[in-house]
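Engineer: Please find the sequence and the predicted model below.
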Amino acid sequence: MKVRFATSMLALMVVAVGCGRREEPEQPTPVEQPDTAGQGQRALDAARADSIRRAEEEARRMAAEGASRAREILEERVHFDYDESEIRSDAQEVLRRKLDVLRANPTVQVQITGHADERGSIEYNLALGLRRANAVADYMRGFGVEAQRLATETAGEDQPLDPASNEQAWSMNRRAEFRITAGGENLVMPGN
Amino acid sequence: MIRAMVAAAALLGLSTGPLLAQQRDTSRLPPGVELATRYTLRGRPALAVQPFTSASMLTNTAADLTRVIENDLRLSDRFEIRPTPQSLASGPVDYAQWNSLNVVWVVSGEVSATTSGFRLDMSVHDVVYGNVKEARSFTLPTASSPDFRMAIHAASDEVVRTITGQPGMAASRVAFVRQNGNGKYDLLLIDSDGENMRRIFGSEGQIYSPTWSPDGTRLAYVVSGDEGWQLIERELDTGRTRVLQTDPSLLVTPQYSPDGSRIAFANWLPGGLEVQEMDVASGNVRRLTNSAGDNMSPAYSPDGRRLAFHSTRTGRQHIYVMPAEGGNATVLSPFGDGVEYAAPDWSVMGSEVTFHGRSRGGVYQIMLANASRPGGQVEQLTREGENEDPGWAPDGRHIVYSSGVRRSTPGLYVIDTGTGNIRPLVTGAKLRIADWSPSLAARFLGGSH
């Protein structure tokens, strides 16, 4: 990340220097002896200030993108098979990405909510939702995330993503949701 | 469709037993489960309620009482209700005429005003023997009293008891939870005849598992909120509540013991839900289950000595029966690949346990088993819609359940295990986890013979 940043700074400076002259308004050359050395230095200074400004803007934009991407990863859902709380392999990929972001942001705390599809007894689905949330939390604690950073709860079948009654809706609804409850400002992507 | 046919056949006094048998669809029955085949409308005695008499200023009240009691007796599913022909609508009961119409029982009554409401002097006539089997006075409050209808229902239940020796269920209510669209929950009550629905309270957080105290004066239920999960007991008359138990993770499915001294419930111990039992007076809690998986939904036998409950200890969802102090559990629901059984409720009248279940790919239906015959025949009671969370009425005969999803009119329905009759109790989306009260008649049976 740092190397890329420095390289792009350099590239910007080179481009800025090359572009500098083009952006200055056309001016008639004074009749006296031209101060080409002074003009050149001012152009260089202006170009350098310009490229620093652009580099700072670029850095802010990339930080915002990084924070947004980190949040996305933290909030991405994982899904489960019917009546199961086992972490599927597709879910493991998602959780591993979360692990990296959590390591890069040690103050972040997350609330994990487990959900079930509408089939089955309402109260049983409360237990199933809690099992799912706990399975996710256990998985992540197994990779070293401190216990107090992860809280678990259940919503049972009561908050479907898709209220339809078909296989597609049900598989969407069997899930764990993630909500950042602390440390969510200035998130950074891993590797910074 | 089946209900329409049954109703039409009832009007003609015909049995629909063979008709129902022709409709049997056994393609999705779980293994070990049979469609209930004991439904018959033959053999129900014909009964008529003669319009109650009164002084002229009370004719409306008399008509209301007549209507409510006749409807209650219809909903008992024990009688063929016959209208009273004009020629028999006034004057004393004409046994010869009623006998020629094949009516076996006639109910007559007179309504008079009292200082505190009304008095109903009601008689149950045995037409075949040509005499009054029972005559009784019932004290009723004023029509504006919140107890008015329930007092009338108590009189209806006396008719049922006089004729059949069995308890009625008219003087009772059903408690249930409604999940509203905005994520809020309401705890609601409705009378056994579908009237008089009222909200006990509404909550921003989740409400589950209402259960009646055996004396009908309190409801226990669970709520989930910022303080975690709480088991609440509420006195219905005063609205006073107290917190009986808490759990940060999950607490569900409370149920009072038949003598009201204990409450069994399930809460989250490491590894899953376990059934525990609280002594209401002392607050002491003892653990009743200790197994892999989840254990929940305890339901006491009428003598309080056994508990049916739901367990996933084998990795599958099944109904078990164990001693009330915990111990060896016997499985009650039939084994099969991909079957699921849950939400048991034990009849107050005996050994019958109802629960819901399905086979893999099937639809949830209401089932019936006999706890004295574990491994014996399990019957499937319902056929249409997706049906869950059954609860016994205090007559040990009717069962309330929620029907949703694949039914065109979701809501709470009542099925009669004697005739198979099904009626809607209250319709609407997301009405769930109903619990039927014990009989509330006792507090209304003042008056004298």
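Structural biologist: Perfect, thanks for sending it. Numbering: from 1, shown residues only, chains lettered A, B, ... in the order given.
Engineer: Any idea what the residue of chain B found nearest chain A is bridged to?
Structural biologist: In chain B, no residue comes nearer to chain A than B:A342, which is 4.0 Å away by CB to the nearest CB. Heads up, the C-betas are built off the backbone N, CA and C, glycines and all. Using DSSP bridges, the beta-bridge partners of B:A342 come out as B:H356.
Engineer: Now for it, how many residues are close by?
Structural biologist: By other CB atoms under 10 Å in any protein chain shown, 27 other residues sit near B:A342.
Engineer: Spatially, what comes nearest to residue 163 if we skip its sequence neighbours?
Structural biologist: No chain specified, so I'll use chain A. A:A169 (7.0 Å; CB to CB, 6 or more residues apart in numbering or on different chains).
Engineer: sorry, should have said chain B
Structural biologist: Once flanking residues are discounted, B:I163 sits nearest to B:W105: 5.8 Å by CB to CB, 6+ apart.
Engineer: Near that neighbour, how many other residues are there?
Structural biologist: 22.
Engineer: so what pLDDT did it get?
Structural biologist: What the model reports as pLDDT for B:W105 is 98.
Engineer: residues touching it, list them.
Structural biologist: For B:W105, the contacting residues are B:P45, B:A46, B:L47, B:A48, B:F79, B:V124, B:H125, B:D126, B:V127, B:I163, by CB atoms under 8 Å, 6 or more residues apart in numbering or on different chains.
Engineer: Which element, helix or strand, includes the residue nearest to A:P163?
Structural biologist: helix A:167-173 (DSSP states H and E).
Engineer: And for that helix, what's in contact with it?
Structural biologist: The contact list for helix A:167-173 (CB under 8 Å, 6+ apart) reads A:H79, A:Y82, A:H115, A:A116, A:D117, A:E118, A:R119, A:E157, A:P160, A:L161, A:D162, A:P163.
Engineer: what domains does the record give for the chain?
Structural biologist: Just going to use chain A. A:2-21+A:38-70, A:77-182 (automatic domain parsing).
Engineer: Please refer instead to chain B.
Structural biologist: Using automatic domain parsing, chain B is parsed into the domains B:2-35, B:46-164, B:173-442.
Engineer: Mean neighbour count, these: which tops it?
Structural biologist: Mean neighbour count (mean count of other CB atoms under 10 Å in any protein chain shown) peaks for domain B:173-442 among the domains of chain B, with a mean of 20.
Engineer: where do the helices sit along the chain?
Structural biologist: You didn't say which chain, so I picked chain A. A:2-23, A:36-75, A:89-104, A:122-142, A:167-173 (DSSP state H).
Engineer: ah, no, chain B please
Structural biologist: B:2-11, B:17-22, B:59-75, B:95-100, B:148-164.
Engineer: buried sites along stretch A:90-97?
Structural biologist: Using 16 or more other CB atoms under 10 Å in any protein chain shown as the test for burial, stretch A:90-97 gives A:A91, A:V94, A:L95, A:R97.
Engineer: what's the model's confidence in that stretch, averaged?
Structural biologist: Here stretch A:90-97 scores 96 as its mean pLDDT.
Engineer: what do you get for stretch B:334-350?
Structural biologist: Stretch B:334-350 comes out at a mean pLDDT of 91.
Engineer: Same question for stretch A:69-82.
Structural biologist: Rounded mean pLDDT across stretch A:69-82 is 97.
Engineer: ok so, going back, arrange the domains of chain B in JSON lines, one row each, with distance to A:G129 as further columns.
Structural biologist: Output for these, formatted as JSON lines (distance: least, CB to CB, whole Å):
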{"stretch": "domain B:2-35", "distance to A:G129": "25"}
{"stretch": "domain B:46-164", "distance to A:G129": "37"}
{"stretch": "domain B:173-442", "distance to A:G129": "9"}
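Engineer: which residues does the residue of chain B closest to chain A contact?
Structural biologist: B:A342 sits in contact with A:G120, A:S121, A:Y124, B:S297, B:H310, B:Q317, B:I319, B:F355, B:H356, B:G357, where contact means CB under 8 Å, 6+ apart.
Engineer: Out of those residues, give me the two with the largest separation.
Structural biologist: A:G120 and B:I319 (13.9 Å; CB to CB).
Engineer: What pLDDT is listed against the residue nearest to B:R119 when sequence neighbours are not counted?
Structural biologist: Distance criterion CB to CB, 6+ apart; nearest residue to B:R119, sequence neighbours excluded, is B:S112 at 5.1 Å. If you check B:S112, the pLDDT there is 97.
Engineer: now B:E34
Structural biologist: At B:E34, the model reports a pLDDT of 81.
Engineer: Output the lowest mean pLDDT helix or strand found in chain B.
Structural biologist: helix B:17-22 (a mean of 37; mean pLDDT, DSSP states H and E).
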